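Chemist: take a look and give me a structure for this.
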Amino acid sequence: MDRYLEPDPDDQVGQEKRAKTAGLRKEIECLRGRLGELTTNVSGDKRTASTVLRDLHGILSSTADPSTCPSRAGSAPATRLEFFEGLLGAEELEYLDAEATAIDAEIAGNKVAVKRLKAEVEEMWKVDEELDEQHPAGLPPPPPLLPPCSSTSLQP
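Modeler: Now for the predicted structure:
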């Protein structure tokens, strides 16, 4: 009777292998779909090789997101590159690593530039607020920038 209550270890191993295979197939389908999206608009001026490479690197190096590929739900986060382990040679991995480093450096530089621009804008707002505070409240508002109407246009 105990034989029927406890699952057979051989069946469990087989089920785990089938589940893992099904998960990998779904993951590959997700990647194929994303790759299809990337290559749909690849033509002369629309997308350059560097942007395609950047997007592909983003797909491969990002952690598997359960919202994009439900097969990864509940599992430990892993990089998508792990799914291609053994498929890429050392030269390809070095090239992707060099490109990833360059992209990360560019992103870091852009973040610094954005912070600097935000600081400049904040400084401009402070100067504008200081000028508003210096303007006495009792004075009339400045004259409008519109030219005065000519006397000939008022005649019927």
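Chemist: using the record, which stretches count as separate domains in this protein?
Modeler: Per automatic domain parsing, the domain ranges recorded for the chain read 1-87, 89-132.
Chemist: report the rounded mean pLDDT for the strand or helix carrying residue 127.
Modeler: Here residue 127, judged by DSSP states H and E, is contained in helix 90-134. If you average the pLDDT over helix 90-134, you get 80.
Chemist: against which helices or strands is that helix packed?
Modeler: Here helix 90-134 is seen to pack against helix 49-61 when contacts are counted using 3 or more Cβ pairs under 8 Å, 6 or more residues apart in numbering; DSSP states H and E. To be clear about C-beta, it is placed using only N, CA and C from the backbone, and glycine gets the same treatment.
Chemist: tally of neighbours for residue 103?
Modeler: Residues contacting residue 103 under the criterion other Cβ atoms under 10 Å number 16.
Chemist: roughly how far does it sit from residue 123?
Modeler: 31 Å (Cβ to Cβ, to the nearest Å).
Chemist: cool, and residue 104?
Modeler: Using Cβ to Cβ, one gets 29 Å for the distance from residue 104 to residue 123.
Chemist: swap in residue 27?
Modeler: Counting by Cβ to Cβ, the separation of residue 27 from residue 123 is 48 Å.
Chemist: looking at the two, which is more packed in?
Modeler: In this view residue 27 and residue 123 are compared by other Cβ under 10 Å, and residue 27 has more residues nearby, 18 against 10.
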